[in-house]
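> the following comprises the amino acid sequence and a computationally predicted model.
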Amino acid sequence: MDETKICRFCLNNDTVTEYLNIFTSLPVGFIQKIQNCLSIQVVENDGLPIFACSYCVEKINHFDAFKKSCCNSYEFLRGSKHTVYGNKFDIKTEVVKGDEISATQTNIQ
């Protein structure tokens, strides 16, 4: 594999940008983030560039956090009793502890 630094994701190859080896320089689990966020396979020794530019690494991390936030919000809303009023909605949350039930009402605009 040629060690010319080119970003596997955006094809950037300038000499100013920091490039990271996606297989050895990034945290464990980053390849899984790529596959989950971008729906592409990342396999070592596949003949494709092994580097990601710092800009793409940042974007993938932000997108992963955004995706998790969206999924958490969706799960929360699916599991809550809520009423929609135009662009506002009320969420009623009930917490059960033993025989005791406590409820809270949240108005979101």
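Perfect, thanks for sending it. Numbering: from 1, shown residues only.
> am I right that V28 sits in a helix?
No - membership of V28 in a helix is not supported by DSSP: H, G, I helix; E, B strand; the rest coil, which gives coil.
> now do the longest helix along the chain, average pLDDT.
If you go by DSSP state H, the chain has its longest helix at helix 54-79. Averaging pLDDT along helix 54-79 gives 92.
> excluding chain neighbours, what is closest to I31?
V42 (4.9 Å; C-beta to C-beta, 6 or more residues apart in numbering). All C-beta atoms are positioned from the backbone trio N, CA, C, and that covers glycine.
> buried stuff in the longest helix of the chain?
56-57, 60, 64 (16 or more other C-beta atoms under 10 Å).
> swap in stretch 38-53?
Buried positions in stretch 38-53, judged by neighbour count with 16+ other C-beta under 10 Å: 42, 49-53.
> do you know how far the spatially most central residue of the chain is from T15?
By C-alpha atoms, centre = their mean, the chain has its centre lying nearest to D64, at 1.0 Å. To T15, D64 is 28 Å away according to C-beta to C-beta, to the nearest Å.
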